[in-house]
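*Asks:* Got a sequence here, can you model it:
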Amino acid sequence: TLTGDAATEGGAVDRIDAAARRLEALAGVDAALAPLAERLRGAAVELLDAARDLERYADAVEVDPGRLAALEERLALLERLRRKYGRDEEALFATRDRIAAELANATNSEERLRALAQEEAALRAALAADAAALSQGRRAAAETLAREVEASLARLDLPNARLEVALEPVTAADAMPCAATGAEHVELRFSANAGEPPRALRRVASGGELSRVFLALKNALRSAERGAVLVFDEVDAGIGGRAADRVGALLAELGARHQVLCITHWPQIAAAASTQLRVVKRTQAGRTVTRVERLDAEARVEELARMAGGTRVGDATREHARELLRGAARSRRSSRSATPPPGR
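*Replies:* I've put the predicted structure just below:
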């Protein structure tokens with residue numbers, strides 16, 4: 001403090017005054033200290049005057065303990081809000097605005113419910129329109145798909161095969177206009193023989209028939225998307241030699257638009273490929289190692305001859321293999337000339 005109180009040894013004024021008296025006493029010994037003593041005496045007078053002015057100011061200030069407590073409580077509340085809802089003032093205001101909007105919605109709940117009901121009705125109407133458009137498109141596409149698949153199946157030695165794309169209506173839950181898959185369930189039905197009605201494909205088709213139906217489906221959809229990667233794992237299962245020729249030709253047609261990978265044991269199908277790979281197993285350092293080898297022209301002849309003739313490979317089987325490759329090359333050239341270039 002400036003003037004001191006009962007709890008202290010003296011304020012700044014008292015200490016400067018004491019220092020001034022000491023310098024005055026010393027000035028009797030050294031006259032050079034007299035000006036310093038005078039300056040301290042003047043400083044003590046100025047400080048005393050300032051202390052009295054401050055006391056008068058303090059006496060005039062009205063202290064409100066209740067107001068002070070309220071401010072401290074508000075500061076504490078702001079600190080708690082900051083820790084809970086955000087690190088800065090902007091985050092606090094954003095939270096306040098969000099809560100205010102939620103309260104407003106709760107206050108206007110009836111109006112909000114009416115608006116939601118109108119929005120739901122509009123969405124249901126739009127969903128019903130979309131479901132109807134989907135059903136119409138499905139009916140048109142089903143006829144086209146069945147016709148194209150049956151044509152491919154005839155090429156694959158199934159001349160009497162029939163494919164039907166059945167559209168069975170489904171019951172939607174909660175009075176919805178349609179289910180998640182639309183207004184109907186799609187099922188493929190198949191018959192391989194004349195006079196037999198089509199039934200569920202997954203139940204009546206044999207392994208060989210399933211392989212050819214799958215290939216026919218891929219062929220019918222080949223123009224839907226260019227550049228797809230199609231993998232056929234032993235699509236020749238359960239078929240004969242004549243059907244294998246046709247499967248190979250159809251795979252080659254697919255290869256004109258897509259990347260086709262086919263695992264086969266038929267030389268007719270392997271010959272239709274533009275590139276042939278051979279998977280071999282060997283024992284190396286006491287372990288079985290599987291390798292994939294790309295075959296050159298001569299190796300293809302040997303491999304196709306082995307596939308056709310078994311372990312006994314002679315000149316006749318090699319010539320047969322060469323003829324398979326020549327025929328496949330002619331088919332690929334014909335397929336390329338009939339396939340439109342990309343973008344057309």
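
*Asks:* tell me the SS of A166?
*Replies:* Counting by DSSP: H, G, I helix; E, B strand; the rest coil, the backbone at A166 sits in strand.

*Asks:* What residues are bridge-paired with it?
*Replies:* Beta-bridge partners for A166, by DSSP bridges, are E187.

*Asks:* So it sits against F190, correct?
*Replies:* No: here A166 does not reach F190: they are 10.7 Å apart, not a contact under Cβ atoms under 8 Å. Where C-beta positions appear, they are placed from N, C-alpha and C, glycine not excepted.

*Asks:* Of those two, give the one with the bigger neighbour count.
*Replies:* It is F190, of A166 and F190, that has more neighbours when counted by other Cβ atoms under 10 Å, with 23 against 13.

*Asks:* Look at the more buried one and give its secondary structure.
*Replies:* F190 is classified as strand under three-state DSSP.

*Asks:* Am I right that V231 falls within a strand?
*Replies:* Yes: V231 forms part of a strand when assessed by three-state DSSP.

*Asks:* ok, and the closest non-adjacent residue to it?
*Replies:* Closest residue in space to V231, ignoring its immediate chain neighbours: L261 at 4.8 Å, by Cβ to Cβ, 6 or more residues apart in numbering.

*Asks:* And that neighbour, how far from E302?
*Replies:* Computed with Cβ to Cβ, to the nearest Å, the distance linking L261 and E302 is 22 Å.

*Asks:* same question, G11
*Replies:* Distance, G11 to E302, by Cβ to Cβ: 115 Å.

*Asks:* can you check A166 too?
*Replies:* Taking Cβ to Cβ as the measure, A166 falls 48 Å from E302.

*Asks:* same check, this time on L201
*Replies:* With Cβ to Cβ as the criterion, L201 and E302 are 39 Å apart.

*Asks:* For the two, indicate the residue with more neighbours.
*Replies:* L201 (19 against 15).

*Asks:* right, and the more buried one touches S191 too?
*Replies:* No: using Cβ under 8 Å, L201 is not in contact with S191; the gap is 9.6 Å.

*Asks:* where along the stretch 51-200 of the chain do the helices fall?
*Replies:* 65-85, 89-107, 109-155 (DSSP state H, counting those that start in this stretch).

*Asks:* what inclination does the second one have with respect to helix 65-85?
*Replies:* Comparing the axes of helix 89-107 and helix 65-85 via axes from the mean of the first three to the mean of the last three Cα atoms, to 10 degrees yields an angle of 90 degrees.

*Asks:* low-scoring pLDDT stretches of the chain, where are they?
*Replies:* 1-10, 238, 335-344 (pLDDT under 70).

*Asks:* Outline the domain layout of it.
*Replies:* 12-60, 222-339 (automatic domain parsing).

*Asks:* now the shortest one: how far from the chain's centre is it?
*Replies:* Spelled out, it's domain 12-60. 82 Å (Cα atoms, centre = their mean, to the nearest Å).

*Asks:* distance between the ends of that domain?
*Replies:* 23 Å (Cα to Cα, to the nearest Å).

*Asks:* related to what we said a few turns ago, give me the number of neighbouring residues for the residue nearest to V231.
*Replies:* Neighbour count of L261, defined by other Cβ under 10 Å: 14.

*Asks:* Now it: which helix or strand?
*Replies:* strand 259-263 (DSSP states H and E).

*Asks:* Any buried residues in that strand, and which?
*Replies:* Across strand 259-263, burial judged by 16 or more other Cβ atoms under 10 Å covers V260, C262.

*Asks:* Only alpha carbons, please: show the next helix-or-strand element following that strand as CSV.
*Replies:* Using DSSP H and E, the helix or strand that follows strand 259-263 in sequence is helix 267-271. This file holds the C-alpha atoms of helix 267-271, laid out as CSV (Å, rounded to 0.1, in the frame of the first residue of the first chain):
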residue,chain,number,x,y,z
PRO,A,267,-8.9,-79.0,-76.4
GLN,A,268,-11.7,-77.5,-78.6
ILE,A,269,-12.3,-74.8,-75.9
ALA,A,270,-8.6,-74.2,-75.1
ALA,A,271,-7.8,-73.8,-78.8
